[in-house]
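Visitor: Got a predicted structure plus its sequence, pasted below:
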Amino acid sequence: CSIHGQLDLNEDGLVDLAVGSLGNAVLLWSRSVVQINASIRFEPSKINIFTKDCKRNGKDATCMSAFVCFTAVFLSAHFQTASVALRYNATIDERRYTPRAHLDESGERHTQKGLALLAGQEHCDRLQFHVLDTADYVKPVTFSIDYQLEHPENGPMLDDGWPTALKVSVPFWNGCNEDEHCVPDLVLDARSDVPSAMDYCRRALRRAPPDCSAFTLSFDTSVFVIESSRRRVAVEAALENRGENAYSTVLNISFSRNLQFASLIPKDDTDVNIDCVTEDKHPNKKVCNVSYPFFRAKAKVAFRLDFEFSKSIFLQSMEIYLIANSDSEEKESTKEDNFAHLNFQLKYEADLLFTRCV
């Protein structure tokens, strides 16, 4: 038995293998080997959800382009003018049940295409897609491709172990400065409608100012009077962002045991949503998401909080504590106005009826 591997008998640029034994000879030659280099780039490079530049299905959307590029590299110099047919699949947000972007041509997340590659020449397909409103602007949108030869049984073969898939992410622009570091400035203000002793004297008792001054001095501290007919207390509040976008803004509300949370109602015509939840373990606390996923720069929302007085718990004070914060890094120097603390010493108006029995 003899083996010879120095000649290129079929003139394909690759050394052939000749094997002879017992008066017979077999000629073996390999198919050409090709490597496929893939890349994806986006225009623009980030998704700008703040500027809707197109319409899709009658809705405002952010339109983007993905350029999917391939280059065929043949390992043999003899094949530098050859070509190869390729087929690839492209998928948006493949691991999500509902994608945040859709391809323009089909309205779906997936497409399949075929193309022919000339050796050493880059070929790019432009895939146009759009992004509608989504709740998740934090994690980037993924764009995945996998590819294979159109006719793997004939012609060149792929280099074993060479990548045949690629995943690239396109991030959302956060709307902040060029350094993409959002610095919000949250400002919270709150006032209650519970009357002070002076207000109660003037409005309910209808006494003259000198008499009301004497009335307030009869108390040890500055107190607030709860009239016998009052069943609720209202808090007028406003939250403003004087800085850059605040992501995952949360309003925490806590209140004393003699109060029960009734409602939170945004005022005026605002597009800022405030959604509150209560934890069973903490009935005197509320956690509210403000304009999730982000509270826009220079945005402001006014709202009204209503609390009911408990019919079984009577305390000498009433306390309501509001604090606003976000996942964005606010400067320490501007955090002092992120909270409002309403703490009232109370006096209850008696509602007594005296009758005389004869």
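Guide: Sure thing, it's come through.
Visitor: Break down the stretch 51-200 of the chain into its strands, ranges please.
Guide: Secondary structure of the stretch 51-200 of the chain (DSSP state E, counting those that start in this stretch): strands located at 54-56, 59-74, 83-92, 101-103, 110-118, 123-131, 141-149, 157-158, 165-170, 186-192.
Visitor: what lines up beside the shortest one in the sheet?
Guide: Taking DSSP bridges as the criterion, strand 157-158 sits next to strand 33-43 (parallel) in its sheet.
Visitor: Just the angle for the strand it pairs with relative to strand 141-149, thanks.
Guide: 160 degrees (axes from the mean of the first three to the mean of the last three CA atoms, to 10 degrees).
Visitor: residues contacting the residue nearest to residue 256 when sequence neighbours are not counted?
Guide: For residue 256, ignoring the flanking residues on the chain, the nearest one in space by CB to CB, 6 or more residues apart in numbering is residue 319 at 4.3 Å. All C-beta spots, glycine's among them, are computed from the backbone N, C-alpha and C. Contacts for residue 319 (CB atoms under 8 Å, 6 or more residues apart in numbering) come out as 255, 256, 341, 342, 343, 344.
Visitor: Which ones among those residues map onto strands?
Guide: Using DSSP state E to define strands, the subset of these located there is 255, 341, 342, 343, 344.
Visitor: Out of those, grab the one that's most surrounded.
Guide: Of all the ones in strands among the contacts of residue 319, residue 255 has the most neighbours under the rule other CB atoms under 10 Å, reaching 22 neighbours.
Visitor: May I have the beta-bridge partners of that residue?
Guide: Under the criterion DSSP bridges, residue 255 forms beta bridges with residue 320.
Visitor: Could you do residue 55 as well?
Guide: In this structure, residue 55 has the following beta-bridge partners (DSSP bridges): residue 60.
Visitor: Where does the prediction get shaky in the stretch 51-200 of the chain?
Guide: Under the criterion of pLDDT under 70, the regions of the stretch 51-200 of the chain flagged as low confidence span 77, 178-179, 195-198, 200.
Visitor: One more pass at 90, please.
Guide: Counting by pLDDT under 90, the stretch 51-200 of the chain shows low-confidence ranges at 51-61, 74-83, 95-98, 106-107, 119-120, 132-139, 150-161, 172-182, 191-200.
Visitor: Helices along this protein, start to end?
Guide: According to DSSP state H, the chain carries its helices in the segments 197-200, 209-217.
Visitor: mind listing what residue 74 touches?
Guide: By CB under 8 Å, 6+ apart, the contact set of residue 74 is 32, 33, 34, 80, 82, 119, 156.
Visitor: Let me see the backbone angles for the fifth one.
Guide: Listed backbone geometry of residue 82 is phi -80, psi 170, with angles given as degrees, to the nearest 10.
Visitor: Please renumber the chain so that the first residue is 24 from this point on.
Guide: Yes, from this point I'll number from 24; that puts the last item at residue 105.
Visitor: The nearest residue to it once chain neighbours are set aside: neighbouring residues, count only.
Guide: Excluding its sequence neighbours, the residue lying closest to residue 105 (CB to CB, 6+ apart) is residue 142, at 5.2 Å. By other CB under 10 Å, the residues close to residue 142 number 18.
Visitor: any idea how far residue 99 is from residue 142?
Guide: In this structure, residue 142 lies at 10 Å from residue 99, with CB to CB, to the nearest Å as the measure.
Visitor: for residue 191, same thing?
Guide: Distance of residue 191 to residue 99, computed by CB to CB: 30 Å.
Visitor: do the same with residue 322
Guide: Look at residue 322 and residue 99: by CB to CB, they are 62 Å apart.
Visitor: With residue 334 instead?
Guide: Noted for residue 334: a distance of 90 Å to residue 99, by CB to CB.
Visitor: Neighbour count for the two, which is higher?
Guide: residue 99 (16 against 9).
Visitor: Quick one: residues contacting the closest residue to residue 111 other than its chain neighbours.
Guide: Beyond its immediate neighbours in the sequence, the residue positioned closest to residue 111 (CB to CB, 6+ apart) is residue 170, lying 3.7 Å away. Applying CB under 8 Å, 6+ apart to residue 170 gives the contacts 59, 61, 93, 109, 110, 111, 112, 187, 188.
Visitor: what's the answer for residue 318, then?
Guide: Neighbour list for residue 318: 207, 209, 262, 264, 268, 269, 270, 272, 295, 349 [criterion: CB under 8 Å, 6+ apart].
Visitor: Could you double-check that the last one sits in contact with residue 267?
Guide: By that I understand residue 349. No. Counting by CB atoms under 8 Å, residue 349 sits too far from residue 267 to count as a contact (10.5 Å).
Visitor: list residues touching both of those two?
Guide: Residues touching both residue 349 and residue 267 by CB under 8 Å, 6+ apart: residue 207.
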